[in-house]
Structures are given as structure tokens and as C-alpha cells.
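Enquirer: have a look; sequence and predicted model below, questions after that.
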Amino acid sequence: MEMCDAADLRAAPPPDIEMTFSRSRVSSPDVSRALYAAVGARVCWTDRFPWSHEDWRAWVDRPELATWIVMAGGTIAGFFEIEAQPGGDTEIHLVGLTPAFVGKGYGGHLVEQCVRRAWQRGESWAEHTGPATRVWLRTSTLDHPNAMGNYRSRGFKVAAETTRSKLVPDPRLAPWPLPADPRTVARTCDPARTCDEELIR
């Protein structure tokens, strides 16, 4: 789906709770991975499950990629991830709410705010890339049932459609290999004391 003019964006009804949108200024593969799982598990976001920690780091640690964290009621309510691509194309890779905020009518406002920031490319983020000329995203039948209607209501139009089968692993299986066994605690000791590495079982 695509939007080729910022004037095409249509506002959503305001939510009945204050929602704040903060761009992450410090790239964090750990936070991005956690948000991906929290938001995406119920709509079968599994493409990044095989990614290693280094894969995630390489993805998020780029000046053309920006992530916003959404807060409401002191809780993380969702997030979105936008990439400035060559030629003015600006892709919304991920946008969604955490489970506690799904089904309450907040999705339209979330998408509206996401698209507004996508059109601000070259000004408030990815300053080196120039302005956005098109905002686009991919969706599928695996997405939330209201997703397509929400995108259309905000002003998106279908740019292309394809049909294909996709193997989707169980979303509950989200491998996240750690760099070391966290049960092993390396201790730094006072020279006057005796201290060994402790293994917690």
C-alpha cells in the first residue's frame, strides 16, 4: 500500500488516553527484538526469528532507520519502525500495539502518527536522506483483521497485490541466543577476599 502525497493523510479519531511518541535516539537490538515479539506474536511476525543478535544490531544501527516507542498510561503501548530509502521512498516496516492496547480504537491514531513522522523524513529524522516522496508499507492476510481498513481510512491505496503461500513457524518460539550463559556470574573481588566464579543453577 502507498501514499504519494502528505496531503492524502486523513486523521483518526483521538484516543481516550494520552499517547506519547518518542524516537529512540540510542539503537538497541535488545529493545527492538522485544518490541517485535510483544507486538507481532499475535499477528505472526516471524520473519526475524532466525536473526542473531548481530543481525539485529546491523539492522537497527543505521542512520536511515528510525524507531518510535509509544507510551500510554505509563506503559509501552506500541511502536513503529520506518526506513528512509533511496529516491524518497519511505517504508513503514513495522507498526503495531502491544496486546493490552489492541481492540480499544487506538490503531487509527497510531497509524496516523506513524505516517506523519514518515512524511517528516529529512527534517526531524534521517536528515541526510532528503524529503519523502512516497510512504509505503506491506500487509497481508496474517495481519490484524482491521489493518487493511485502517490503512485505507488513513489515505493509503493498494499499489500491488500478490498471492503466495508462506510457512509460518509457531510465533511462541522466539529464539534469542544470548552471548553468554547468564547463569554464570563473573565476580570482581576485593584482593583481600577469596572469590571464585559462581555458577547459579
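Expert: Yep, that arrived. Numbering: from 1, shown residues only.
Enquirer: from the contact counts, what lies against the one helix or strand residue 55 maps to?
Expert: Counting by DSSP states H and E, the element that carries residue 55 is helix 53-60. Packing contacts for helix 53-60, counted by 3 or more Cβ pairs under 8 Å, 6 or more residues apart in numbering; DSSP states H and E, involve helix 29-40. Where you see a C-beta, it was placed from the backbone N, CA and C, and this is true even at glycine.
Enquirer: which elements pack onto the helix it packs on?
Expert: Partner elements for helix 29-40 (3+ Cβ pairs under 8 Å, 6+ apart): helix 53-60, strand 65-72, strand 75-84, strand 89-97.
Enquirer: angle of the strand or helix carrying residue 109 against strand 75-84?
Expert: Per DSSP H and E, residue 109 falls inside helix 107-119. Angle, helix 107-119 to strand 75-84, by axes from the mean of the first three to the mean of the last three Cα atoms, to 10 degrees: 40 degrees.
Enquirer: now helix 107-119, how far from the chain's geometric center?
Expert: Distance, stretch centre to chain centre, for helix 107-119: 13 Å (Cα atoms, centre = their mean, to the nearest Å).
Enquirer: and that helix, average pLDDT?
Expert: The predicted model assigns helix 107-119 a mean pLDDT of 98.
Enquirer: other SSEs contacting the very next helix or strand once past that helix?
Expert: Where DSSP H and E defines the elements, the next helix or strand beyond helix 107-119 is strand 134-137. Contact here means 3+ Cβ pairs under 8 Å, 6+ apart; on that basis strand 134-137 packs against strand 2-3, strand 89-97, helix 107-119.
Enquirer: on that earlier part again, quick one: which of the helices and strands packed on helix 29-40 is nearest residue 20?
Expert: strand 65-72 (4.8 Å; Cβ to Cβ).
Enquirer: please tell me how far the closest residue to residue 121 other than its chain neighbours sits from residue 96.
Expert: Leaving aside its sequence neighbours, residue 121 sits nearest to residue 132 (Cβ to Cβ, 6 or more residues apart in numbering; 4.2 Å). For residue 132, the distance to residue 96 equals 21 Å [Cβ to Cβ, to the nearest Å].
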